[in-house]
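Undergrad: model this:
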Amino acid sequence: MKKFAIVVFAALLAVSCLKKNDLTNYAVQANIVHFAIEGQLTCTIDSRAQKVSVLMPARTDLSTLKLTAFSVTEGATCEPELSVGEILDLQEPMCILLSNEDVYSWTIEAASKEPRAGAQLYNMNFDSWTEVLNDKKSVWYAYGADATDEQKAVWGNANKSITDMGKDSNCLPESEFVAVKGEGKKALKLVTNLLDFWILKKLAAGSIFTGRLGEINFSTFNADLYWGIPFSDRPYALDGYGCYKPATINEAMDPYKDLLGQMDNGHVIVVLADWNEPYKVNAPATLIDYENDPAIIGYGKMVFDHEMSEYEHFTLEIEYRNERTPKYLVIVASSSAWGDYFTGADGSTLYLDEFSFLYK
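TA: Numbers count the residues shown, from 1 in each chain. Reported below is the predicted structural model:
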């Protein structure tokens with residue numbers, strides 16, 4: 001009698017795991033057994049709710065998700081068919097039908113993780129500017145009229161030294177051609193100029209950097225630049241918009257004289273380092289060794305190498321070389337990538353707008 005009870009219990013347990021089609025026919029439920037998307041953070045397969053839920057990193061494009069694993073209950077079919085390597089658009093939940101002796105409706109959904117809040121910089125959207133006259137020349141600074149001393153120290157440029165030499169600023173606000181329209185919206189405009197000093201011509205690339213301008217040497221027309229502001233977070237990327245309108249390189253010095261006649265490039269560079277003070281740059285003699293400086297913790301570079309008619313969105317990813325905590329942040333942008341060597345094209349123009357740091 002005891003043996004009979006055990007057999008009956010086992011039979012009832014097996015039946016409880018089956019889906020009933022009618023009074024006499026039973027079939028094993030058709031389930032999704034394996035499912036994975038490239039780069040996913042988590043994936044939950046809920047056979048009871050007949051749902052697959054995938055969580056992706058922050059700001060993932062849910063319209064281009066690559067399927068890396070997929071299988072269903074043996075003997076079941078899937079409509080529409082899915083195959084490993086396929087690109088799925090999961091901006092909206094996707095419905096698929098699994099069939100054996102019965103039909104089961106499954107939902108596949110994806111979401112991206114909410115981005116972590118992290119440190120940003122003052123005036124990263126380049127909306128705030130102040131104009132100061134220097135002997136009738138406009139010196140533009142990337143801060144608003146109500147900026148604090150700390151905010152005024154975020155963005156530096158060489159406008160003061162250029163206007164001291166009687167030339168026009170080449171780091172400017174742009175109010176008409178902007179990436180995001182709206183009242184009070186502005187962008188950053190960097191212009192490379194060939195400065196003519198009677199017997200001497202000197203190329204001045206339009207540039208902006210985090211830090212401050214130092215003293216200028218009027219015998220060489222070089223200025224000390226102090227790159228870097230205090231910063232201790234670790235963003236994974238700098239997000240923004242850029243539009244580049246290059247000209248043909250018409251001024252060059254060693255070791256870049258072979259670039260004469262070629263199209264100019266612009267760039268944006270991000271450096272996170274644990275220097276004990278801002279990095280003193282006096283181009284071309286003193287520059288950061290981006291490849292070998294042991295103090296550099298993270299580095300990223302965006303090159304603009306083609307003519308653009310409109311703004312293009314970019315995400316400049318930062319490659320971290322170690323787990324140390326940064327002390328200083330450098331962002332430097334230039335309308336001529338070889339401007340540190342006084343090489344570039346008169347008239348090359350780089351527009352930048354709406355910078356922000358992204359965090360995972």
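Undergrad: Report the residue spans of the stretch 201-350 of the chain with pLDDT below the cut-off.
TA: Low-confidence segments of the stretch 201-350 of the chain (pLDDT under 70): 217-221.
Undergrad: Which strand or helix spans D239?
TA: Per DSSP states H and E, D239 falls inside strand 237-245.
Undergrad: Just the CA coordinates for that strand, please, in CSV.
TA: Written as CSV, here are the backbone C-alpha positions of strand 237-245 (Å, rounded to 0.1, in the frame of the first residue of the first chain):
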residue,chain,number,x,y,z
ALA,A,237,32.9,59.1,-21.7
LEU,A,238,32.5,62.7,-22.8
ASP,A,239,29.3,63.2,-24.8
GLY,A,240,28.7,66.1,-27.1
TYR,A,241,28.1,67.5,-30.6
GLY,A,242,30.6,68.7,-33.1
CYS,A,243,30.7,70.2,-36.6
TYR,A,244,34.0,70.6,-38.4
LYS,A,245,34.7,72.8,-41.4
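Undergrad: Bridged to the residue nearest in space to the middle of the chain, which residues?
TA: The centroid of the chain falls nearest to T315 when counting by CA atoms, centre = their mean (2.3 Å). Applying DSSP bridges to T315 yields these beta-bridge partners: D239.
Undergrad: For the stretch 1-150 of the chain, which segments are assigned as strands?
TA: 19-20, 26-27, 32-37, 42-46, 51-56, 65-72, 77-79, 87-88, 94-99, 103-112, 130-134, 137-141 (DSSP state E, counting those that start in this stretch).
Undergrad: For these, which has the smallest mean pLDDT value?
TA: When mean pLDDT is averaged over each of the strands of the stretch 1-150 of the chain, strand 19-20 scores lowest at a mean of 40.
Undergrad: hang on, the earlier thing: downstream of the strand holding D239, the next helix or strand is which one?
TA: strand 266-273.
Undergrad: helix or strand right after that next one?
TA: Downstream of strand 266-273, the first helix or strand assigned by DSSP H and E is strand 279-281.
Undergrad: right, and the helix or strand after that following strand?
TA: That would be, after strand 279-281 and using DSSP H and E, strand 296-304.
Undergrad: In that next one, which residues are buried?
TA: 296-302, 304 (16 or more other CB atoms under 10 Å). Any C-beta I mention is one placed from the backbone N, CA and C, and that applies to glycine too.
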